[in-house]
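**Q** The following block contains a protein sequence and its predicted model.
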Amino acid sequence: MNLGGGTWQRLTTVVLVMAVAAGCTGQGEGPDGGNDKDLLRNHDWTQMPGTTARNDILRVSASDRHIVEQDSSGGQPNPPLNLAGPHLRSDGDFTVTARMSGVGDDDGDSWLRLYGRVPVIYDEWRQERPSLRVGVTADGRVKVQIWDGEGDEPATSKVFDCGCSGTVTLAVSSIGDTFHVKADGRLLGTVQDPGVFAEGIVWFGLEADAGEDERREGWRLTQLIARAESGDSLRVINAPQLRQEQTDDSLRARAADVGRPFDVGAALAENPLLTDSGYRALAGSQFSMLTPENAFKPQFLHPRRGVYDFRDADLLVRFARANDMKVHAHTLVWHEALPNWMRENDDPEEVRRTMLRHIATVAGHFKGKVAEWDVVNEPMSDDEESYTNGDFGLRSEQSPWFEAMGEEYIEEAFRAAHRADPKAPGPVGAGSPASIHPHVVSEIR
């Protein structure tokens, strides 16, 4: 079928079914035919942040991942998606069936998100691409949100009365330019479709909102099935191989074949690494060292107090190992990319304990897996006044670590990193226009 310039409006049927309602088996709405693609069993969901896989059931927990602005304000949601697991490729109509348990429990919202294109993650913001988010709210209503790729906020958001709780069934059908929303076979309403799945790709994300109870256990995904409709083609695509072809004339090969060999490095992000074959091939074949763009930063792997999730970071480490690359780990201590909770405590001793626990846990997790650490990143100020009147130029007003411990936080951080991973050297991260004052260097030594 050729729609010319309107290919983004191609006729596509997407039915999302989620088993909801106490005592509902989910068989009424769920597909039983021979074309069913079981997306949970025999596929990898163990690398999905915020989830725990056991006996083909996924427990989805509240991760509360946010990206703060450079000045530490704001908090743009950064929900995870399953980069290392299955996704769909379709040339037409298809159905997705999901059964959710433990929803509408008055504690928090429960979500399944279908991405037409994966988001782009930068240092201080997340660029949303087209996606559909559907779920059951804490009060048992069904909510649908649609991003069209033009902004951070949903372009469309609708709430439908449902009375859903326990184990329930939702259906979202996209026919032409309209989504039809059903709950347990009952039509709730329609939502305009801006062409979310115009490229014929579907990536999966799972989310749980903590609500007012941070101890909420989340919800469970017990079934996820896809099926082609109307004779169209539908394929389940697994994660790509991490190992990339090596050549003798690559940058890394040339750098290794000189009198004083050196590593050729690049900053890499997990989203394009798993979804862009050109990016992946270039990264694995040309470079001998990688620096994680964001995955090692506190707001990404330590989003809540006492809650760590290393799976995005582990993906980069596995890619490095598969391609004989070193990992320059970035970063343990910084005044930016901190989750809001790390700035909420004014007790200097508690701030110190937070920093030391974070270093011990993160550096300990990657012990033996990374070549070196940016232990303290950009400690020097970019304000010229910080280098006058006897000041040593250390960044103070933006750093909760300096505010709590003064310049001693740098020494404490290096000692903690060395205890956690003695064999990984720990340089001070660059980025500030000023060099480190000799006094600071002598104190660290």
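**A** Received the coordinates, thanks.

**Q** Centroid-nearest residue for this protein?
**A** The C-alpha lying nearest the average C-alpha coordinate of the chain belongs to residue 80 (C-alpha atoms, centre = their mean; 3.8 Å).

**Q** what about that one, is that helix, strand or coil?
**A** Following DSSP: H, G, I helix; E, B strand; the rest coil, the label given to residue 80 is coil.

**Q** what about stretch 316-330, distance to the chain center?
**A** 18 Å (C-alpha atoms, centre = their mean, to the nearest Å).

**Q** now swap in stretch 264-284 and tell me
**A** The answer for stretch 264-284 is 16 Å, by C-alpha atoms, centre = their mean.

**Q** Identify all contacting residues around that stretch.
**A** Residues from elsewhere that reach stretch 264-284 (C-beta atoms under 8 Å, 6 or more residues apart in numbering): 83-84, 118-121, 203, 239-240, 242-245, 251-252, 255, 286-295, 312, 315-316, 319, 322-323, 325, 328. No exception for glycine: its C-beta is placed from N, CA and C like everyone else's.

**Q** now do stretch 243-261
**A** Stretch 243-261 has contacts (C-beta under 8 Å, 6+ apart) with 262-264, 280-281, 283-288, 322-323.

**Q** Top of the residues you listed by number of neighbours, please.
**A** residue 284 (25 neighbours; other C-beta atoms under 10 Å).

**Q** To which secondary structure element is it assigned?
**A** Following DSSP states H and E, one finds residue 284 within helix 277-286.

**Q** what pLDDT, on average, does that helix get?
**A** Average pLDDT, helix 277-286: 98.

**Q** My read is that residue 86 contacts residue 39, right?
**A** Yes: counting by C-beta atoms under 8 Å, residue 86 does reach residue 39; the two are 5.1 Å apart.

**Q** Which neighbours do these two have in common?
**A** Joint contacts of residue 86 and residue 39 (C-beta under 8 Å, 6+ apart) are 204, 236.

**Q** now the strands for the stretch 201-350 of the chain?
**A** In the stretch 201-350 of the chain, the strands defined using DSSP state E, counting those that start in this stretch lie at 201-208, 219-228, 234-237, 265-268, 289-292, 326-333.

**Q** Would you tell me which of those strands gets closest to residue 370?
**A** Distance to residue 370, taken as C-beta to C-beta, is lowest for strand 326-333 among the strands of the stretch 201-350 of the chain, at 4.2 Å.

**Q** what's in contact with the closest one?
**A** Against strand 326-333 from outside (C-beta under 8 Å, 6+ apart): 263, 265, 288-292, 296-297, 316-317, 320, 355, 358-359, 362-363, 366, 369-377, 401, 409, 413, 417, 424, 429.

**Q** Can you select the buried ones from the residues you listed in PyMOL?
**A** Of the contacts of strand 326-333, the buried ones go into a single PyMOL selection, burial set by 16 or more other C-beta atoms under 10 Å:
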select buried, resi 265+288+289+290+291+292+296+297+316+317+320+355+358+359+362+363+366+369+370+372+373+374+375+376+377+401+409+413+417+424+429
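
**Q** Could you list the low-confidence segments of the stretch 201-350 of the chain?
**A** Screening the stretch 201-350 of the chain residue by residue with the criterion pLDDT under 70, one finds the ranges 211-216.

**Q** rerun at 80
**A** Counting by pLDDT under 80, the stretch 201-350 of the chain contains low-confidence residues at 210-217, 229-231.

**Q** tell me which element residue 374 is part of?
**A** Counting by DSSP H and E, residue 374 is part of strand 372-377.

**Q** just checking, what packs against that strand?
**A** Contact partners of strand 372-377 among helices and strands, from 3 or more C-beta pairs under 8 Å, 6 or more residues apart in numbering; DSSP states H and E: strand 326-333, helix 408-420, strand 428-429.

**Q** mind giving me CSV with these and columns for distance to residue 43?
**A** What follows is those, written out as CSV (distance: least, C-beta to C-beta, whole Å):
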stretch, distance to residue 43
strand 326-333, 27
helix 408-420, 34
strand 428-429, 38
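
**Q** what's the offset of stretch 189-198 from the middle of its chain?
**A** Worked out by C-alpha atoms, centre = their mean, stretch 189-198 lies 24 Å from the chain centre.

**Q** show me the residues around residue 207 that make contact.
**A** Contacts of residue 207 (C-beta under 8 Å, 6+ apart): 50, 60, 79, 80, 109, 110, 111, 112, 113, 133, 135.

**Q** most surrounded residue in the residues you listed?
**A** That'd be residue 110 among those, by other C-beta under 10 Å, with 30 neighbours.

**Q** unless I'm mixing things up, that residue is touching residue 220, no?
**A** No: Residue 110 lies out of contact with residue 220 (C-beta under 8 Å); the separation is 9.3 Å.

**Q** quick check, nearest of the contacts of residue 207 to residue 172?
**A** residue 112 (9.5 Å).
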